[in-house]
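**Student:** what would the 3D arrangement of this be:
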Amino acid sequence: MRTSVSDLYHFGIDPYSLILHSGENGLSNSVSWIYLAEDIQNMSFLKGGELVITTGLFTQSGTSLFDFIRSLVTFNCSGLFINVGKYLEIADITPEILEFCRISKFPLLTMPWKVHLVDIMQEYCKILLQNTQSMDHLNAAFQGALYQATLHETTLMTLNQNGFPTSGDYRIIVILNLRNATRITFSLNRLQLKYHLFEHDNLHILIYHISQPTPSLSEIMDILMYYDGITLGISNVFHSLEKIGICHKRARFALAASLFWNIPSVNFDELGFFQILFSSSDPDLLQSVYQNSLGVLEDFDSAHDTDYMDTLKVFLLSDCNLLKTADKIHTHRNTIIYRMKKIKELLKTELDDSKIKFDLLMAFYIREYFSI
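**Tutor:** Numbers count the residues shown, from 1 in each chain. Modelled structure (predicted):
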């Protein structure tokens with residue numbers, strides 16, 4: 001699993017005499033790498049998630065510790081270890097700094113000058129590399145699970161060993177255009193959410209375990225949509241990892257729907273009739289139903305450059321009200337009356353039967369389904 005500041009803190013308490021001064025609520029921050037920083041001017045090289053170690057040499061050029069820490073928080077670093085005794089002392093950690101770190105959930109720790117930085121950095125980098133290998137193994141297991149009709153025993157074992165029980169409530173969210181996951185993982189970790197986030201097929205896939213007190217879906221969506229341009233496809237809740245494949249497909253379909261309708265997110269649970277269409281195992285039958293209902297009208301529009309299909313769809317969605325239809329299409333009522341007369345002639349029906357109207361509206365949904 002992801003290495004957290006807490007993991008490295010507890011590993012180093014005794015051998016490196018670590019002391020936590022503030023930011024305890026940020027100990028769950030995930031660590032991407034260990035970075036030795038002695039110059040505030042180099043902050044632009046940070047990518048987020050770094051655990052920073054410093055001796056405080058930057059104070060010799062006039063930079064204050066408070067300004068240094070504020071820069072680290074701005075660049076989404078996971079925490080700061082100060083090697084005190086030469087350039088900085090514990091007394092330099094002011095109440096203002098302690099309060100800022102507490103509010104920012106930014107762990108601030110110290111270790112005595114006698115600690116050799118090369119030793120602690122080597123140990124921590126070794127831990128990070130080992131955990132990266134474990135993460136790669138878990139990524140492979142989840143990616144394989146997405147396409148296994150029946151999960152292989154080795155796949156299930158890997159997922160179970162990493163804290164994802166076979167039986168349990170899960171949800172999948174497919175994320176498009178997430179360019180930097182660090183800010184996202186920071187926030188998810190602080191929610192104490194049991195999740196896995198990985199890249200696959202030019203998307204990010206979030207799978208999380210729903211348990212008490214799991215945050216609400218809206219809270220998670222707010223975190224995922226922190227950056228502009230994010231689009232989400234959200235699956236239904238499923239109750240076993242054995243369902244991960246079909247629910248991944250549902251999340252992908254919801255993502256396609258959100259792109260088709262040009263909206264930020266779509267939840268599969270809210271797709272209504274489209275859920276039934278998605279579940280159909282016979283697309284040829286759906287195409288036949290569509291052609292039998294609307295094929296004639298579509299062919300006429302194509303041949304005569306008319307727009308009877310759109311008029312009929314708006315008419316049906318307006319409870320067959322001529323005035324509402326005219327208003328939505330921004331067309332005179334008499335024009336709508338003429339068009340509807342022609343549509344009835346082409347379809348050979350008076351549209352006075354609820355079953356006929358339902359079948360036509362269903363055909364429009366089928367058409368939209370295939371467009372998605």
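
**Student:** CA atoms only for stretch 113-130 - export them in CSV, please.
**Tutor:** Coordinates of each C-alpha in stretch 113-130 appear next as CSV, following Å, rounded to 0.1, in the frame of the first residue of the first chain:
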residue,chain,number,x,y,z
TRP,A,113,22.0,16.9,14.5
LYS,A,114,23.8,13.7,15.3
VAL,A,115,21.6,11.8,12.8
HIS,A,116,23.4,11.3,9.5
LEU,A,117,20.9,12.4,6.8
VAL,A,118,22.4,9.9,4.3
ASP,A,119,21.4,7.0,6.7
ILE,A,120,17.8,8.1,7.1
MET,A,121,17.3,8.9,3.5
GLN,A,122,18.7,5.6,2.3
GLU,A,123,16.4,3.7,4.8
TYR,A,124,13.3,5.7,3.7
CYS,A,125,14.0,5.4,0.0
LYS,A,126,14.4,1.6,0.4
ILE,A,127,11.0,1.5,2.1
LEU,A,128,9.4,3.6,-0.7
LEU,A,129,10.9,1.4,-3.4
GLN,A,130,9.6,-1.8,-1.7
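
**Student:** quick one: mean pLDDT for that stretch?
**Tutor:** For stretch 113-130, mean pLDDT rounds to 94.

**Student:** just stretch 273-282 next, same as before
**Tutor:** Stretch 273-282 comes out at a mean pLDDT of 86.

**Student:** can you list contacts of that stretch?
**Tutor:** Identification of contacts with stretch 273-282 by C-beta atoms under 8 Å, 6 or more residues apart in numbering yields Arg250, Phe253, Ala257, Phe268, Leu271, Leu286, Met362, Tyr365, Ile366, Glu368, Tyr369, Ile372. In this view, the C-beta of every residue, glycine as well, is placed from N, C-alpha and C.

**Student:** of all those residues, which two lie farthest apart?
**Tutor:** Taking C-beta to C-beta, the two most distant members of the contacts of stretch 273-282 are Arg250 and Met362; they sit 20.4 Å apart.

**Student:** quick one: the strands in the protein?
**Tutor:** In the chain, the segments counted as strands under DSSP state E are 19-22, 33-36, 50-54, 79-84, 108-112, 167-176, 194-200, 203-210, 231-234, 238-240, 265-267.

**Student:** mean neighbour count added to the ones you listed, as JSON lines?
**Tutor:** Output for the strands of the chain, formatted as JSON lines (neighbours: other C-beta atoms under 10 Å):
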{"stretch": "strand 19-22", "mean neighbour count": "18"}
{"stretch": "strand 33-36", "mean neighbour count": "18"}
{"stretch": "strand 50-54", "mean neighbour count": "24"}
{"stretch": "strand 79-84", "mean neighbour count": "24"}
{"stretch": "strand 108-112", "mean neighbour count": "21"}
{"stretch": "strand 167-176", "mean neighbour count": "19"}
{"stretch": "strand 194-200", "mean neighbour count": "17"}
{"stretch": "strand 203-210", "mean neighbour count": "20"}
{"stretch": "strand 231-234", "mean neighbour count": "24"}
{"stretch": "strand 238-240", "mean neighbour count": "15"}
{"stretch": "strand 265-267", "mean neighbour count": "21"}
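
**Student:** pull out the buried residues from the helix or strand of the chain with the lowest mean pLDDT.
**Tutor:** Across the helices and strands of the chain, mean pLDDT, DSSP states H and E gives its lowest value to helix 182-190, namely a mean of 82. Neighbour counts over helix 182-190 (16 or more other C-beta atoms under 10 Å) mark Thr182, Ile184, Thr185, Phe186, Ser187, Leu188, Asn189, Arg190 as buried.

**Student:** for those, name the two members farthest from one another.
**Tutor:** Using C-beta to C-beta, the pair of these lying farthest apart is Thr182 and Arg190, separated by 13.0 Å.

**Student:** overlap of the contact sets of the two?
**Tutor:** Joint contacts of Thr182 and Arg190 (C-beta under 8 Å, 6+ apart) do not exist.
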